[in-house]
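Engineer: The amino acid sequence is not available; the structure is as follows:
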């Protein structure tokens, strides 16, 4: 009757006891594993870092060490070892306190938490009775386990539940954590050390107490020798073997300490809620769409370029602070940042009449580790020092997508997740600059225009209504001058000419530009203003890649997917993820947009021509792209398109008042574009990457718009014009990135109310002899143009 009352929790006296259904279906808190598309384990989500393992995968030495050390009669008793219980009682009475719990009893305690408060009932308030009841419940549960499972099953469940310190739960995770091995590869000394730790995971932790861990390991070895699991000779050899640890190379953070893992957790948040899964306890296997090789190449390209850019940024500003607003006024960023800290409000309240105490708090030096491209370094910084230091650090966001499948292949959320948690792919939103201009030209094509339609590159004054009042917008080119020449849409987009883009926007309507940006995949709220095409709105890298992917995917907008499938621990598929798609552009319009993007490479003075400096042009390869730079060089972008992939790159400081001083150091073509170029060069050079050189797909239908309108090449007569005064808008030549110091038309220039005096077209004279480098570039470009003409003819 007593045991029935115990099982039934009579009058809520005794607390929870596992039922037979609980015994039949035991649950473990098993972390979920995160894999790349090519099967590489890149992280886990867990509350207890555990990966279950089958009995056949456990080295026999582990089983032998466990039985010899913890429960030598394990294979003879029925869950309760009465002989050991009697022996323990006698030893305790004589002053030698020993435990008598069997492996099965310990499993009952670990698996069903029989000693937790919620399992104890009202008797938990009576100390001695509480202990007796807990022990009796462990006995009952142990007997139930023995009647339902084989000995091998019980010992396997035990080894999968026990903690081994350092947030390692279960033998598989412990083997990986301490020895970087699979469980079936553990040696006898390694097995003995792990089993020895079970007596006290902190006391016998080999990382914290190597001497005690060695002593405890040798006790386990002695037990194995005593019960004939190892010979005397083996014991003598093993006990003199030092502990040789090797940390596993898999990052075991439960908090997603990489941008990718944090992004996947966010991506699956709704799915887990809708489907009743716990990402941290249900042992899911999550297969992302990320390609491990491409991810590595992207991270390498980012690290290489950002290290260079940070040096450049420091050199530009020297000892001067870089924080200035759009009116060139100095900004006290550190003080503003300090005032925005939650602790500041508390200190201000506490030291209301003593501001010096607040200053003392924020100026107090303390040890901290800070990010550095030469290696994270320990230093003495005050809070104010830290704010000043990190306020000058450049960051980045990069994403690569395969539009045909919707799969995200690369996700680089920043330069270091440890120091900069903010993800610059989908959390950060920044001004898109000129990378937004293609949506104006898309609107133009949708209205019936062709890439060969022309506008005059001239100063413009655009009227618009603001709260019932007529206002005027006067955009200027980055060079502060205009050519007064007819400029095709393709050339205007290729050279990122602000005045032409503004005229196009006025003609199609800024509402139309906003509409087509949303249609292609921009989800952020966009202000419909005359300057919308010059990118004043904040958008994310994620959105821009999705929108540009629509152009490459034959006009089909595809929502990017970050997870391909999810399985359970037995590899049974739980969910396959497919992207949502919608046809938003015709085949002709999408092909024409790719043709427009190629203008950045093909057209004279195109803003993507710096790509010629990298090995990207074999086998008739074609690349389209668009640079972008926001006002004052705060945000730098590059959007790159190949026949298979779309990549977006943003570069800038998290603090918007920190920026470069000019285009030569801070525009998108000089900062973000090289990251794309270095990345694609690595991808193309790897024959196993799955992505090769090659032209864009041919048009699926007949192209009805005019596209054959080659841009004339103008050369300035330097005998009649002072060459120092010549602007890049007056010189249409193939640029040499190493030597060119002229401004480009990438950056939206400040608005001025005065209309500049017309600039007369320069005289056309024969070109001066080209350098050998310019000759190589020109020949390469001419070959490309011939191939393009042939391809266009075939397409038509």
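Structural biologist: Thanks, I have the structure now. Quick caveat, the model's predicted, so the values are computed rather than measured.
Engineer: all strands in the stretch 351-500 of the chain, in order from the N-terminus.
Structural biologist: 366-370, 377-381, 394-402, 407-412, 430-431, 454-456, 462-466, 469-473, 486-488 (DSSP state E, counting those that start in this stretch).
Engineer: want to try a markdown table for the ones you listed, with mean neighbour count, mean pLDDT and distance to residue 649 as columns?
Structural biologist: Bear in mind the C-beta positions are built from the backbone N, C-alpha and C, glycine included. Shown next, in a markdown table, are those (neighbours: other Cβ atoms under 10 Å; pLDDT from 0 to 100; distance: least, Cβ to Cβ, whole Å):
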| stretch | mean neighbour count | mean pLDDT | distance to residue 649 |
| --- | --- | --- | --- |
| strand 366-370 | 12 | 93 | 25 |
| strand 377-381 | 12 | 93 | 27 |
| strand 394-402 | 26 | 98 | 5 |
| strand 407-412 | 27 | 98 | 9 |
| strand 430-431 | 24 | 97 | 12 |
| strand 454-456 | 17 | 97 | 29 |
| strand 462-466 | 11 | 91 | 31 |
| strand 469-473 | 11 | 93 | 29 |
| strand 486-488 | 20 | 96 | 27 |
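Engineer: export the ones you listed to JSON lines and tack on distance to residue 545?
Structural biologist: Output for these, formatted as JSON lines (distance: least, Cβ to Cβ, whole Å):
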{"stretch": "strand 366-370", "distance to residue 545": "31"}
{"stretch": "strand 377-381", "distance to residue 545": "34"}
{"stretch": "strand 394-402", "distance to residue 545": "5"}
{"stretch": "strand 407-412", "distance to residue 545": "8"}
{"stretch": "strand 430-431", "distance to residue 545": "14"}
{"stretch": "strand 454-456", "distance to residue 545": "29"}
{"stretch": "strand 462-466", "distance to residue 545": "30"}
{"stretch": "strand 469-473", "distance to residue 545": "29"}
{"stretch": "strand 486-488", "distance to residue 545": "27"}
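Engineer: which intervals of this protein have sub-threshold pLDDT?
Structural biologist: Scanning the chain for pLDDT under 70 picks out 2-29, 48, 82, 84-100, 112-136, 139, 248-257, 714-796.
Engineer: Show me the longest helix that occurs in it.
Structural biologist: helix 292-317 (DSSP state H).
Engineer: chain center to that one: distance?
Structural biologist: Here helix 292-317 is found 15 Å from its chain centre; the criterion is Cα atoms, centre = their mean, to the nearest Å.
Engineer: do you know how far the nearest residue to residue 413 once chain neighbours are set aside is from residue 265?
Structural biologist: Among residues not flanking residue 413 along the chain, residue 259 sits closest, at 2.8 Å (Cβ to Cβ, 6 or more residues apart in numbering). Going from residue 259 to residue 265 by Cβ to Cβ, to the nearest Å gives 11 Å.
Engineer: Comparing the two, which residue is more hemmed in?
Structural biologist: Set residue 259 next to residue 265 and count neighbours by other Cβ atoms under 10 Å: residue 259 wins out with 23 against 19.
Engineer: wait, doesn't that one sit right on residue 412?
Structural biologist: Yes - between residue 259 and residue 412 there is a contact under Cβ atoms under 8 Å: 6.8 Å.
Engineer: Mind listing the shared neighbours of those two?
Structural biologist: residue 425 (Cβ atoms under 8 Å, 6 or more residues apart in numbering).
Engineer: Near residue 467, how many other residues are there?
Structural biologist: Neighbours around residue 467, by other Cβ under 10 Å: 5.
Engineer: how far away is it from residue 474?
Structural biologist: Taken as Cβ to Cβ, the span from residue 467 to residue 474 is 20 Å.
Engineer: dump the residue contacts of the residue nearest to residue 413.
Structural biologist: Contacts of residue 259 (Cβ under 8 Å, 6+ apart): 411-414, 417, 423, 425.
Engineer: repeat for residue 165
Structural biologist: 197, 201-202, 205.
Engineer: my read is it is in a helix, agree?
Structural biologist: No - in this structure, residue 165 is coil, not part of a helix, as judged by DSSP: H, G, I helix; E, B strand; the rest coil.
Engineer: Tell me how far it lies from residue 191.
Structural biologist: 16 Å.
Engineer: my read: residue 573 touches residue 565, true?
Structural biologist: Yes - using Cβ under 8 Å, residue 573 is in contact with residue 565, at 6.0 Å.
Engineer: So which of those two has more stuff around it?
Structural biologist: Looking at residue 573 and residue 565 with other Cβ under 10 Å, you find the greater number of neighbours at residue 565, namely 16 against 11.
Engineer: count of neighbours near the nearest residue to residue 608 once chain neighbours are set aside?
Structural biologist: Spatial nearest neighbour of residue 608, excluding adjacent residues (Cβ to Cβ, 6+ apart): residue 600 at 3.3 Å. By other Cβ under 10 Å, 29 other residues sit near residue 600.
Engineer: just the one 10 residues further on next, same as before
Structural biologist: Number of residues near residue 610 (other Cβ under 10 Å) recorded here: 24.
Engineer: Kindly report the same for residue 659.
Structural biologist: 26.
Engineer: Begin at 885 from now on, thanks
Structural biologist: Got it, the first residue is 885 from now on, which makes the last one we talked about residue 1543.
Engineer: which residue sits closest to it, ignoring its sequence neighbours?
Structural biologist: Nearest non-adjacent residue to residue 1543, counting by Cβ to Cβ, 6+ apart: residue 1518, 4.4 Å away.
Engineer: Distance check, that neighbour against residue 1424.
Structural biologist: 16 Å.
Engineer: quick one on the thing from earlier: most neighbours of all the contacts of residue 1049, which one?
Structural biologist: residue 1081 (26 neighbours).
Engineer: Surely that residue touches residue 1048?
Structural biologist: Yes - using Cβ under 8 Å, residue 1081 is in contact with residue 1048, at 5.6 Å.
Engineer: and for those two, which residues touch both?
Structural biologist: What both residue 1081 and residue 1048 touch, as defined by Cβ under 8 Å, 6+ apart, is the set residue 1058.
Engineer: Between the contacts of residue 1143, which sits nearest residue 1498?
Structural biologist: Residue 1498 has its nearest neighbour among those in residue 1296, at 18.8 Å by Cβ to Cβ.
Engineer: what residues are up against the closest one?
Structural biologist: 1143, 1179, 1182-1183, 1186, 1280-1283, 1309.
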